[in-house]
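*Asks:* the sequence isn't on hand, but the structure is:
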Ligand code: BGC
């Protein structure tokens with residue numbers, strides 16, 4: 001099947017054009033096209049010295065990343081076009097993960113909104129800013145399903161659920177590409193399964209889990225027309241993805257019909273030596289190229305190794321030519337073969353409008369985890385407020401990891417946001433301690449500030465550098481002396497709201513349960529302070545839910561709501577059932593959990609059968625304020641030929657209701673939604689009984705259920 005959706009903004013390739021160009025090229029020129037180098041505006045991996053201008057002039061590179069801005073891009077392009085023999089233009093890539101100059105919430109945060117419309121809107125806005133700075137391709141969306149919050153890259157991705165991740169993949173890929181920027185689905189595949197949450201570690205993943213959990217978002221991106229894909233650094237069963245012909249060519253190109261470009265991850269081809277699957281660079285280069293990796297990022301392994309690999313018969317010139325043709329076709333699709341400067345004439349993005357989207361995205365992404373006694377929103381006259389904690393006046397941290405071309409000085413701190421929202425209010429401030437270093441010297445002074453206030457807003461959590469790539473944490477707790485700060489503040493007895501900033505769910509000390517309210521702010525981006533203030537004042541009602549099951553303890557990890565029951569599912573009174581001696585099985589917060597400032601109730605669903613299976617429920621806003629809830633529809637196949645998870649998400653939708661209002665919420669399930677993979681991994685539908693469960697999260701105690709029989 002040929003992917004077309006989302007490619008409308010691109011030039012249709014002229015048959016034979018790329019191949020004709022390849023026919024004119026020397027081997028050195030071909031190898032240049034196969035290489036992407038970093039221009040070091042941003043450092044996104046181990047520093048490998050490059051002299052970009054000289055490399056471009058010598059034709060040793062076909063594309064650049066980490067370079068942006070019209071003048072810089074124009075000059076690099078000019079060298080490629082005017083000073084190389086064939087004048088083949090470069091393309092320019094960048095990790096625009098959650099924004100360019102305007103930084104949106106981190107992907108894990110945005111996923112909490114469960115809003116594909118928002119996911120598309122922020123991608124479109126980011127694409128406009130990036131295009132105006134000369135960017136042709138983003139290394140996004142990152143689609144790694146993650147169930148281990150020790151892994152720092154959970155921050156960059158769409159959470160634990162394959163259905164949500166697939167919807168995210170579709171929305172992001174389409175939006176990027178409709179805005180004229182090529183999307184790169186990454187990191188293919190199962191990178192999120194890195195053992196023990198340690199970045200770059202080996203993965204253990206069964207063929208079933210690969211097919212059911214890790215592959216679906218990539219399939220969705222390919223179906224949405226993604227023009228590029230990046231293999232993961234990791235291996236599956238000893239085969240590094242960069243060298244995995246079965247997946248990169250067999251599955252991706254031959255079965256799924258992907259006809260874009262595969263770009264290696266940073267130095268991943270030379271790392272094949274360290275994996276222990278290649279003896280030298282020619283072998284590594286041949287393995288990667290033969291597998292289907294077209295572009296070598298930063299290894300220079302193709303340049304150094306392919307001439308000898310060809311001499312040794314490890315690969316063929318046809319294989320080289322096919323990869324070069326795919327890269328030239330990408331450039332053609334991007335319009336660069338017709339106008340190398342095409343994106344440089346894009347209009348500047350509208351900065352205030354983009355900031356407004358960022359503010360709305362952030363308010364929609366922050367999760368109200370707890371709100372005892374309606375502690376939030378704050379009253380219009382909030383009395384004396386104490387803003388305490390190392391993240392309270394930390395504008396730059398608000399951007400989180402992978403902040404693109406984001407400007408720290410343009411980010412709004414919580415302190416600034418609160419001052420703007422409560423003009424003239426009595427707000428005192430104390431950082432209390434650093435984010436990440438043990439230092440208790442200023443805690444007593446901060447507690448004194450808390451003691452004199454009517455309310456404390458305690459901004460604690462991780463520093464931006466503590467999540468993202470190469471940021472695994474064995475203990476996902478409050479770093480530095482923040483637990484001591486929390487104790488000292490709570491000991492004052494002043495009502496306290498915790499504003500938690502992090503790139504993953506954190507395991508908070510038990511004392512945190514004594515705080516009245518807990519907001520998971522993640523990293524909200526450029527508009528952080530305004531967004532937090534919008535929720536605290538009640539100008540906006542929280543509407544997000546956690547897109548990952550929030551563990552109570554590191555010992556529960558990996559954790560997901562979508563487990564199979566096993567033969568001895570947990571029974572409280574039965575020792576010989578699946579549980580811990582020292583911890584409950586239940587998480588701190590279930591997948592999807594998030595409170596609002598109102599109260600929603602769901603009715604038991606009804607099921608009607610026609611062409612589709614229609615599951616209908618009624619959502620009622622029983623509270624006194626307008627609000628938005630996400631309704632989830634889970635399926636359970638109670639008897640199948642292989643055991644199925646106790647819950648599988650099939651649909652989700654956001655519904656906004658006025659106080660007292662009700663709405664009918666209907667979901668149509670197709671027969672394919674009832675399918676599972678049988679023992680041979682072939683999709684199959686068993687006739688018989690099915691259960692559907694609707695809920696506002698995956699917490700079993702809140703689900704409303706119905707059954708139906710498929711004949
Ligand atoms: C990351 C990729 C990223 C690349 C380029 C790598 O270290 O794993 O996600 O796209 O660097 O910056």
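*Replies:* Happy to help now that I have it. Just so you know, these numbers come straight off a predicted model, no measurement behind them.

*Asks:* now the residue of the stretch 151-300 of the chain found nearest the ligand, what's its secondary structure?
*Replies:* Going by CB to the nearest ligand atom, the ligand is nearest to residue 266 of the stretch 151-300 of the chain, at 3.8 Å. From N, CA and C alone the C-beta is placed, and that goes for glycine too. Three-state call for residue 266 (DSSP: H, G, I helix; E, B strand; the rest coil): coil.

*Asks:* right, and it touches residue 295 too?
*Replies:* No - between residue 266 and residue 295 there is no contact, the gap being 11.6 Å when judged by CB atoms under 8 Å.

*Asks:* report pLDDT for the residue of the stretch 151-300 of the chain closest to the ligand.
*Replies:* Here, the pLDDT recorded for residue 266 equals 98.

*Asks:* more neighbours: which of residue 266 and residue 295?
*Replies:* residue 295 (25 against 20; other CB atoms under 10 Å).

*Asks:* what residues are up against the spatially closest residue to the more buried one that is not a sequence neighbour?
*Replies:* If the residues on either side of it in the chain are set aside, residue 295 comes closest to residue 263, at 4.3 Å by CB to CB, 6 or more residues apart in numbering. By CB atoms under 8 Å, 6 or more residues apart in numbering, the contact list for residue 263 reads 36, 93, 139, 184, 228, 229, 230, 293, 294, 295, 297.

*Asks:* for stretch 406-415, measure first residue to last.
*Replies:* Taking CA to CA, to the nearest Å, the first and last residues of stretch 406-415 lie 19 Å apart.

*Asks:* may I see the buried residues of that stretch?
*Replies:* 406, 410, 411, 412, 413, 414, 415 (16 or more other CB atoms under 10 Å).

*Asks:* look up how far the ligand lies from the last one.
*Replies:* Between residue 415 and the ligand the distance is 32 Å, computed by CB to the nearest ligand atom, to the nearest Å.

*Asks:* just checking, that residue touches residue 391?
*Replies:* No - using CB under 8 Å as the test, residue 415 is too far from residue 391 to be in contact (9.9 Å).

*Asks:* OK, now which residue of the stretch 501-650 of the chain is nearest to the ligand?
*Replies:* residue 503 (14.5 Å).

*Asks:* okay, the spatially closest residue to that residue that is not a sequence neighbour: pLDDT?
*Replies:* Nearest residue to residue 503, sequence neighbours excluded (CB to CB, 6+ apart): residue 467, at 2.4 Å. Residue 467 is assigned a pLDDT of 98 by the prediction.

*Asks:* how many neighbours does residue 467 have?
*Replies:* By other CB under 10 Å, neighbour count at residue 467 equals 28.

*Asks:* low-confidence stretches in the chain?
*Replies:* 1-8, 41-50 (pLDDT under 70).

*Asks:* near the ligand, which residues of the stretch 301-450 of the chain?
*Replies:* Residues of the stretch 301-450 of the chain lying close to the ligand by CB under 6 Å from any ligand atom: none are found.

*Asks:* in space, what's closest to the closest residue to the ligand within the stretch 301-450 of the chain - neighbours in sequence excluded?
*Replies:* Proximity to the ligand, evaluated over the stretch 301-450 of the chain using CB to the nearest ligand atom, is greatest for residue 402 at 8.1 Å. Among residues not flanking residue 402 along the chain, residue 97 sits closest, at 3.9 Å (CB to CB, 6+ apart).

*Asks:* residue contacts, the closest residue to residue 330 other than its chain neighbours?
*Replies:* Computed as CB to CB, 6+ apart, the closest residue to residue 330 that is not its neighbour in sequence is residue 261, at 4.8 Å. By CB under 8 Å, 6+ apart, residue 261 lies in contact with 227, 228, 229, 294, 295, 326, 327, 330.

*Asks:* in helices only, show me those residues.
*Replies:* Secondary structure from DSSP state H places 326, 327, 330 of the contacts of residue 261 in helices.

*Asks:* for the first one, grab the count of nearby residues.
*Replies:* Think residue 326. Around residue 326 there are 20 residues (other CB under 10 Å).

*Asks:* same question for residue 353.
*Replies:* By other CB under 10 Å, 12 other residues sit near residue 353.

*Asks:* find the residue closest to it in space, skipping its chain neighbours.
*Replies:* residue 125 (7.9 Å).

*Asks:* ok so that neighbour is a helix residue?
*Replies:* Yes - applying three-state DSSP, one finds residue 125 inside a helix.

*Asks:* which residues touch it?
*Replies:* 99, 102, 104, 349, 353, 354, 357, 358.

*Asks:* in PyMOL, select just the buried ones from the residues you listed.
*Replies:* In PyMOL syntax, the buried subset of the contacts of residue 125 is picked out as below (16+ other CB under 10 Å):
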select buried, resi 99+102+104+349+354+357+358
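
*Asks:* in helices only, show me the contacts of residue 125.
*Replies:* Using DSSP H, those in helices are 353, 354, 357, 358.

*Asks:* from those, which is closest to residue 157?
*Replies:* residue 358 (19.7 Å; CB to CB).

*Asks:* now the closest one: closest residue in space that isn't a chain neighbour?
*Replies:* residue 527 (4.3 Å).

*Asks:* same check, this time on residue 563
*Replies:* Sequence neighbours aside, residue 645 is the residue nearest to residue 563 in space, at 6.0 Å (criterion: CB to CB, 6+ apart).

*Asks:* what is the burial count for the one you found?
*Replies:* So residue 645, with other CB under 10 Å, has 19 neighbours.

*Asks:* secondary structure element holding it?
*Replies:* Assigned by DSSP states H and E, residue 645 belongs to no helix or strand.

*Asks:* show me where the stretch 101-250 of the chain has its helices.
*Replies:* 107-111, 116-132, 162-178, 207-209, 216-223, 245 (DSSP state H, counting those that start in this stretch).

*Asks:* go on, the stretch 301-450 of the chain?
*Replies:* 301-311, 317-333, 351-365, 414-421, 443-451.

*Asks:* residue contacts, the residue in the stretch 51-200 of the chain that the ligand sits nearest to?
*Replies:* Residue of the stretch 51-200 of the chain nearest the ligand, by CB to the nearest ligand atom: residue 139 (3.4 Å). Contacts were defined as CB under 8 Å, 6+ apart; by that measure residue 139 touches 65, 93, 94, 95, 96, 97, 184, 186, 230, 263.

*Asks:* near the ligand, from the residues you listed?
*Replies:* Okay, of the contacts of residue 139 touching the ligand (CB under 6 Å from any ligand atom), that's 95, 186.
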